[in-house]
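Q: Sequence below, structure please.
(chains A, B, C and D)
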2 protein chains.
Amino acid sequence: MAGLLIGDIAERAGLSAPTIRYYESIGLLAPPPRSATGYRRYTDTTVEELRFIKKAQSLGFSLEEIREILALSRAGDTPCSHVLDLSRRHLAAVEERIRQLTRFRDQLASEVKKWDGEREPTCRGLCQIIASAEEREPAVGDIELHLGMRRTGQEKTRTQRR
Amino acid sequence: MAGLLIGDIAERAGLSAPTIRYYESIGLLAPPPRSATGYRRYTDTTVEELRFIKKAQSLGFSLEEIREILALSRAGDTPCSHVLDLSRRHLAAVEERIRQLTRFRDQLASEVKKWDGEREPTCRGLCQIIASAEEREPAVGDIELHLGMRRTGQEKTRTQRR
DNA sequence: CTTGACCCTCAAGTCCGCTTGAAGGTGTGT
DNA sequence: ACACACCTTCAAGCGGACTTGAGGGTCAAG
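A: So this is what the prediction gives:
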């Protein structure tokens, strides 16, 4: 009787029950105690954890990173250069992304505004904005963040033949 | 003899040969002429197209959207409300994302700065930043852009029982 | 004429974050 | 007793953007 069913915390945290089982299966969430008949029994703290996960996710952390963060945070308040590293890498990635998106937004906004008025929108306009966008050269050791940057595959260098 | 091999344009555009074949297979890239022995023969304009694709991608357009844009752009300079729609939706998504990332950056930056000085970094700090982040409620009709926002599953409402 | 670096196709695999389905057990209201 | 909304596990599927592998052909240099 004591404890919330999986559907209850799913509803409170705003995700589905299967998702919660999935999180447990990948070690993101600790397995909760079970009732005599095998039902998972949760407490409100799990709801908090789930909300934390959702927020971290929306900020661009992957489930893997969140798992790490949660593990570290459970380990306590000890100094932790790893967390600092993680944060710094995120910060750099976020700043670069903001810079890039801002430039894109400015161009796109001015184009949309131009169209909103009298002119007929043409595809050329949009294409030119894209074409003139600064190319982002993914550097070695680039951040593997999920901030909308697609991973770029490794480019095997061709051996010169001709 | 005339024309670049797939490996050549791959190298010049900065992607892999299989990727280029893949793009062709999904109709993103027009099938090039072939040599007598079946080798794809490209020109420099394909390299330009591939670079365009890369840029559009880095700005958050999906391959599907890029396909659309390219199709429209090939159709010429004709008025096109679809492009305007597409641009406006992108603009809204980009602005929301910038807003969100900026808030996150500010918090993260101040925390990292605090740690950079004298204090010992703790995991709690990072966790608190995340926990205090504003939750993004994905609205109905939310833009399906790939700007780092994860899709949220539909939440089936539980029927009240107890 | 062999070696080795390219090219071809087609199918299948990968990663992430889930969702969906099948097959079955539980708990409560009527 | 029955319906019905829950719960369980395990397996498979999905979407996007690729990558990898198998099996085989081509072309230029040594």
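
Q: Count the residues that sit near A:Thr102.
A: Look at A:Thr102: counted by other Cβ atoms under 10 Å in any protein chain shown, it has 15 neighbours. C-beta here means a position set from N, CA and C on the backbone, and glycine is covered the same way.

Q: residues contacting it?
A: B:Ile98 (Cβ atoms under 8 Å, 6 or more residues apart in numbering or on different chains).

Q: That one in helix, strand or coil?
A: Here A:Thr102 takes the helix state, with states given by DSSP: H, G, I helix; E, B strand; the rest coil.

Q: what about it, distance to B:Arg97?
A: Taking Cβ to Cβ, to the nearest Å as the measure, A:Thr102 falls 10 Å from B:Arg97.

Q: could I get the host helix or strand of A:Ile69 in PDB with only the CA atoms?
A: Assigned by DSSP states H and E, A:Ile69 belongs to helix A:63-74. Output of helix A:63-74 as PDB, limited to C-alpha atoms (Å, rounded to 0.1, in the frame of the first residue of the first chain):
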ATOM      1  CA  LEU A  63      21.200  10.300 -20.500                       C
ATOM      2  CA  GLU A  64      24.700   9.000 -20.200                       C
ATOM      3  CA  GLU A  65      26.000  12.300 -18.900                       C
ATOM      4  CA  ILE A  66      23.000  12.600 -16.500                       C
ATOM      5  CA  ARG A  67      23.800   9.100 -15.200                       C
ATOM      6  CA  GLU A  68      27.400  10.300 -14.500                       C
ATOM      7  CA  ILE A  69      26.200  13.500 -12.800                       C
ATOM      8  CA  LEU A  70      23.700  11.600 -10.700                       C
ATOM      9  CA  ALA A  71      26.400   9.100  -9.700                       C
ATOM     10  CA  LEU A  72      28.800  11.800  -8.700                       C
ATOM     11  CA  SER A  73      26.100  13.700  -6.900                       C
ATOM     12  CA  ARG A  74      25.200  10.600  -4.900                       C
END
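
Q: Would you indicate which residues of it are buried?
A: By 16 or more other Cβ atoms under 10 Å in any protein chain shown, the buried positions in helix A:63-74 come out as A:Leu63, A:Glu65, A:Ile66, A:Arg67, A:Glu68, A:Ile69, A:Leu70, A:Leu72, A:Ser73.

Q: Turn the residues you listed into CSV, including pLDDT.
A: Formatted as CSV, those follow (pLDDT from 0 to 100):
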residue, pLDDT
A:Leu63, 91
A:Glu65, 84
A:Ile66, 88
A:Arg67, 89
A:Glu68, 83
A:Ile69, 81
A:Leu70, 84
A:Leu72, 76
A:Ser73, 75
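
Q: returning to that earlier point: which neighbours do A:Thr102 and B:Arg97 share?
A: Residues touching both A:Thr102 and B:Arg97 by Cβ under 8 Å, 6+ apart: none at all.

Q: Can you pull the domain assignment for chain A?
A: Under automatic domain parsing, the residue ranges defining each domain of chain A are A:6-74, A:81-131.

Q: mind showing which ranges of chain A have poor pLDDT?
A: Scanning chain A with the threshold set as pLDDT under 70 gives A:1, A:75-83, A:115-157, A:159-162.

Q: for it, what spans make up the helices?
A: A:6-13, A:17-25, A:44-58, A:63-74, A:81-116, A:123-131 (DSSP state H).

Q: Sort out which one of the buried residues of helix A:63-74 lies nearest A:Ala30 for me.
A: For those, the minimum distance to A:Ala30 (Cβ to Cβ) is 9.3 Å, reached by A:Leu70.

Q: you'd agree that closest one is up against A:Leu50?
A: No: the pair A:Leu70 / A:Leu50 is not scored as a contact, 11.3 Å apart, by Cβ atoms under 8 Å.

Q: shared neighbours of the two, anything?
A: Residues touching both A:Leu70 and A:Leu50 (Cβ under 8 Å, 6+ apart): none.

Q: what about A:Arg103, distance to B:Asp106?
A: 20 Å.

Q: brain fart, A:Leu101
A: From A:Leu101 to B:Asp106 the distance is 16 Å (Cβ to Cβ).

Q: swap in A:Arg40?
A: Counting by Cβ to Cβ, the gap from A:Arg40 to B:Asp106 is 38 Å.

Q: Compare the two (neighbour count), which wins?
A: Ranked by neighbour count (other Cβ under 10 Å), A:Arg40 and B:Asp106 place A:Arg40 first, with 20 against 12.

Q: which one of the domains of chain A lies closest to B:Leu29?
A: Comparing the domains of chain A by Cβ to Cβ, domain A:81-131 comes nearest, at 15.6 Å.

Q: Show the contacting residues for A:Arg41.
A: A:Arg41 makes contact with A:Ala2, A:Gly3, A:Leu4, A:Leu5, A:Pro32, A:Pro33, A:Arg34, A:Ser35, according to Cβ under 8 Å, 6+ apart.

Q: and which of the residues you listed is nearest A:Ala92?
A: Using Cβ to Cβ, those come closest to A:Ala92 at A:Pro32, 37.1 Å.
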